[in-house]
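>>> Requesting a structural model of the entry that follows:
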Amino acid sequence: GQWLCEGAVFTYDFDRFDASKILPMFAKYHITTFCAPPTMYRMLIKQDLSQYDLSSIQHATTAGEALNPEVFYQFRKATGLQIAEGYGQTEMTLGIGNLTGNLMKPGSMGKPIPGYGIDLVDPDGNPVADGVNGDFLLLTDLSPLRAKKRRFLVGIKKLLFFSSLTTPAPASQARRSKGA
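Numbers count the residues shown, from 1 in each chain. Sure, this is the predicted structure:
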């Protein structure tokens with residue numbers, strides 16, 4: 001993401017994560033955007049964050065695994081920052097996210113990013129109700145989803161992809177997608 005936007009990237013190489021060694025780096029290098037997996041955030045909030053100057057941080061993001069809402073709340077209480085959770089892949093960059101300016105729902109990876117046809121479906125390819133985990137469906141032909149309401153996506157069981165050119169998803173999902 002940052003490289004694509006020609007942003008500066010700070011990388012700290014370590015053999016074993018130690019929050020007390022990483023936390024001083026924010027003030028020393030004036031880091032403005034922090035992206036880390038939820039496991040690192042869980043370890044950070046175990047520290048007394050008031051002992052560190054984190055004032056340079058303007059944005060906090062996470063991806064790679066589910067972020068526990070309690071970690072979100074504790075980090076916000078300590079820093080005033082909301083952790084924006086998202087989901088993406090190398091092939092598509094960020095596809096679902098809690099974007100700046102939108103309501104952030106702790107425990108949710110966010111809403112589909114404009115330009116991606118994404119939904120959660122049951123094993124038969126039908127959209128699941130709000131609050132129900134489902135299979136992640138990515139449509140490369142967006143026409144079936146243009147009129148859909150954008151929902152917060154919370155749980156993914158497996159990834160399914162459908163394109164008008166190929167159908168790597170099970171036939172039930174592909175048939176549902178074609179007729180939608």
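>>> what ranges do the strands span in this protein?
33-35, 59-62, 83-89, 93-97, 111-112, 117-121, 134-139, 156-162 (DSSP state E).
>>> need the ones you listed in a markdown table with distance to Gln51, mean neighbour count and mean pLDDT, can you?
From N, CA and C alone the C-beta is placed, and that goes for glycine too. Formatted as a markdown table, these follow (distance: least, Cβ to Cβ, whole Å; neighbours: other Cβ atoms under 10 Å; pLDDT from 0 to 100):
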| stretch | distance to Gln51 | mean neighbour count | mean pLDDT |
| --- | --- | --- | --- |
| strand 33-35 | 17 | 19 | 91 |
| strand 59-62 | 18 | 19 | 92 |
| strand 83-89 | 20 | 20 | 87 |
| strand 93-97 | 31 | 20 | 83 |
| strand 111-112 | 36 | 20 | 84 |
| strand 117-121 | 41 | 22 | 81 |
| strand 134-139 | 40 | 21 | 77 |
| strand 156-162 | 37 | 17 | 48 |
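>>> And the helices in this structure, which stretches?
With helices called from DSSP state H, the chain shows them at 19-29, 38-44, 69-79, 171-179.
>>> pLDDT of the third one, averaged?
Pointing back at helix 69-79 there. Helix 69-79 shows a mean pLDDT of 95 in the predicted model.
>>> buried set for it?
For helix 69-79, the neighbour count (16 or more other Cβ atoms under 10 Å) marks 71-72, 74-75, 78-79 as buried.
>>> Contacts only, for the closest residue to His30 other than its chain neighbours.
If the residues on either side of it in the chain are set aside, His30 comes closest to Ser56, at 4.5 Å by Cβ to Cβ, 6 or more residues apart in numbering. By Cβ atoms under 8 Å, 6 or more residues apart in numbering, the contact list for Ser56 reads 26-27, 30-32.
>>> Across the sheet, point out what pairs with the spatially most central residue of the chain.
The chain has Gly86 as the residue nearest its centroid, 1.0 Å off, counting by Cα atoms, centre = their mean. Counting by DSSP bridges, Gly86 is bridged to Gly97.
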